Structures are given as C-alpha cells and as structure tokens.
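1. Predicted coordinates and the sequence they were generated for:
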Amino acid sequence: MSIRVKTENAITAIVFDRPDKKNAITAAMYAQIADTLASAAEDPAVRCVVIHGSAQAFTAGNDVQDFLMNPPHGEDSPVSRFLRGIAAFGKPLVAAVCGPAVGVGTTMLLHCDLVYAGESARFSTPFTQLGLCPEAASSLLLPAIAGYQRAAEALMLGEPFGPLEAREMGLVNAVLPDEKAIPYAMTQAGKLARLPASSLRVTKRLMKQGHAEAIARQMAAEGAEFATMLRSPEAREAFSAFLAKRKPDFAQFS
Ligand code: COA
C-alpha cells in the first residue's frame with residue numbers, strides 16, 4: 001500500500017506508506033491524495049486533515065523512476081491536481097514530519113496550517129541539483145516566510161537542513177522527539193476538529209485570500225518551467241545518476 005487514508009473523530013489522516021522507497025510519491029499516489037483532499041473538502045463530517053509518513057520518513061519527494069517514465073503533462077496531471085488542491089484546501093491542514101522531507105515533501109508544508117517535526121526531520125529542496133526549478137509556489141512562499149537569503153540557500157544550493165533551522169525559518173511550529181511528532185499532530189488536529197468549523201474556515205480564508213491569486217499564478221509559472229526542465233538533459237542525467245547510485249556529471253552541459 002502506498003497511501004493509507006483513515007477518517008476517525010472527524011479527522012482524515014493521509015499517510016505515506018511506501019517504506020521501501022522512503023515514501024517517494026508516484027503519479028498514482030498524487031492522484032489518490034488529490035481525490036482525498038477533494039472529498040474531504042466536500043464532506044461535512046471531515047473537520048481537519050493530517051498528512052504524515054512514519055517515524056522514519058515523511059517522503060523522499062517525487063518518485064524519480066515514475067517521473068522519468070511518465071513525466072507529468074499539463075494542469076490535469078495528478079501532481080498538478082495535488083498542488084492546486086493542497087493550496088486551495090479550505091479546512092485545517094496539519095502535517096507531521098520525521099526523517100527525509102525531500103522536494104515536494106518540504107514544499108507541500110508551505111500549504112499546511114500547522115507543521116510538527118520530529119528530531120530526525122531533514123528538509124531539502126534540491127531542485128537545482130536535479131536540473132529542475134522550484135514548485136508548489138515555493139519560489140514565492142519560502143522567501144516570504146524565511147527571507148530571501150535563507151530561501152535562496154534552500155532553493156539554490158538545495159542542501160538539507162534540520163528541524164531547528166526549519167523552525168527558525170518559520171516552516172515548522174514545534175520540534176518534538178520522533179515518536180511524539182505524529183501523536184502531537186493528531187492531538188492538535190483534535191483541538192481544531194472540536195472548534196467551530198465555520199470559524200476556522202473563515203479564519204483560514206482571511207489569512208490566505210490576499211495571496212491566493214499570486215500563489216496560483218506562481219504555481220502555474222513554475223509548473224510550465226518544471227515541465228520543460230524535466231525533459232532537459234540535465235534532469236535526465238541527475239535522475240539516471242540517482243537510479244544508478246552514482247554522482248551526476250553536469251560538466252558536459254553548458
Ligand atoms: N524516487 C524513487 N526511489 C527513491 C526515491 C525517489 N525520490 N528516494 C529514495 N528512493 C529509493 C532508493 O532508490 C532506494 O531504493 P532501492 O532500495 O531499491 O535501491 C530506497 O528508496 C531507499 O533509499 P536510499 O537512498 O537507500 O535511502 P537513504 O536513507 O540512504 O536516503 C533519501 C534517503 C531520501 C535522502 C535519498 O533516498 C534521496 O535523496 N532520494 C532522492 C530524493 C529526490 O531527489 N527527490 C526529489 C525528486 S524530484
């Protein structure tokens with residue numbers, strides 16, 4: 001199983017469950033999350049959504065093999081539907097992160113309301129190392145929350161950073177021992193689920209509506225660049241190198 005979905009006590013948990021591949025996300029998994037978010041948005045019985053992986057891994061980001069074999073096409077691709085869905089989701093969204101949170105594993109957090117990290121959490125946005133560019137409107141949202149230089153370090157160098165730095169950057173609310181991160185996220189979700197749903201919806205809408213159009217525009221612009229770059233020789237070299245467990249050689253490209 002790759003994504004588990006369970007609704008209990010008005011909370012829908014979306015769980016990455018592909019431990020042998022560090023919870024890397026395939027197109028089928030994106031489609032399942034996008035569909036789950038869409039039905040959670042419509043279902044009055046769901047008052048909060050929590051996204052988490054295991055105490056060992058959040059997600060290694062896009063599945064490299066799947067990306068190479070089936071590069072996403074256009075706005076109806078599962079990854080695009082997922083990104084638009086998470087950005088527009090109107091109910092409270094909580095995440096718990098332990099272990100690697102690579103690429104979209106980090107950028108999706110910019111669309112969550114509350115984020116809790118275990119001590120092992122390792123965030124990274126290695127888009128340039130993969131011959132790619134940022135997605136999920138992270139090129140707009142990360143500079144906005146963390147400041148330009150810190151965002152440039154994360155998005156241009158792409159080196160991993162830990163949970164304390166993520167908290168300083170404003171990306172996570174609190175850092176906990178790994179075994180407590182997911183239970184704590186569920187506790188916070190429980191508090192949200194007991195509050196008046198309409199009040200939370202309006203509060204979230206008010207916080208987000210001033211930026212919604214800019215986020216949608218940025219996501220579309222990033223998506224167009226990303227789709228082109230995914231087919232570039234640099235990205236193919238990076239992905240082939242990852243799958244062959246060797247270092248990429250970008251010196252051959254000008
Ligand atoms: N896509 C496909 N497979 C992936 C993957 C990904 N994004 N991330 C990890 N895997 C696979 C590995 O190939 C390996 O498979 P194998 O056992 O069949 O060889 C397995 O998951 C375990 O990964 P491994 O690299 O051995 O674990 P690690 O603990 O040493 O490192 C990561 C974990 C996440 C730091 C490392 O796997 C990584 O950097 N992954 C690539 C992430 C990435 O570039 N994502 C963005 C894509 S746009």
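-> Okay, I see it. Residues are numbered from 1 along each chain as shown.
2. any idea how far Ser139 is from the ligand?
-> 15 Å (CB to the nearest ligand atom, to the nearest Å). C-beta here means a position set from N, CA and C on the backbone, and glycine is covered the same way.
3. Can you read off the backbone torsions of that residue?
-> Note on Ser139: its backbone torsions stand at phi -70, psi -20 [degrees, to the nearest 10].
4. Can you get me the start-to-end distance on stretch 68-86?
-> From its first residue to its last, stretch 68-86 covers 24 Å (CA to CA, to the nearest Å).
5. I'd guess Val5 is in a strand, am I close?
-> Yes: under DSSP: H, G, I helix; E, B strand; the rest coil, Val5 sits within a strand.
6. burial of the residue lying closest to it once chain neighbours are set aside, as a residue count?
-> Using CB to CB, 6 or more residues apart in numbering and skipping residues adjacent in sequence, the residue nearest Val5 is Thr36, 5.2 Å away. Counted with other CB atoms under 10 Å, residues neighbouring Thr36 total 21.
7. The protein against the ligand: which residues are in contact?
-> Residues of the chain found near the ligand (CB under 6 Å from any ligand atom) are 21-22, 24, 60-65, 100, 102-103, 126, 130, 242.
8. Cross the residues you listed against helices and list the overlap.
-> If you go by DSSP state H, those have 64-65, 242 in helices.
9. Just give me the closest of these to the ligand.
-> Using CB to the nearest ligand atom, Val64 comes nearest to the ligand of these, at 3.8 Å.
10. Look at the closest one and report its pLDDT.
-> On pLDDT, Val64 comes in at 95.
11. ok, it touching Phe242?
-> Yes: with contact defined as CB atoms under 8 Å, Val64 reaches Phe242; the gap is 5.3 Å.
12. Looking at those two, which one has more neighbours?
-> Taking other CB under 10 Å, Val64 and Phe242 do not tie; Val64 has more neighbours (20 against 16).
13. residues touching the more buried one, list them.
-> Val64 makes contact with 24, 239, 242-243, according to CB atoms under 8 Å, 6 or more residues apart in numbering.
14. 10 Å instead?
-> Applying CB atoms under 10 Å, 6 or more residues apart in numbering, we find Val64 in contact with 21, 24, 103, 130, 235, 238-243.
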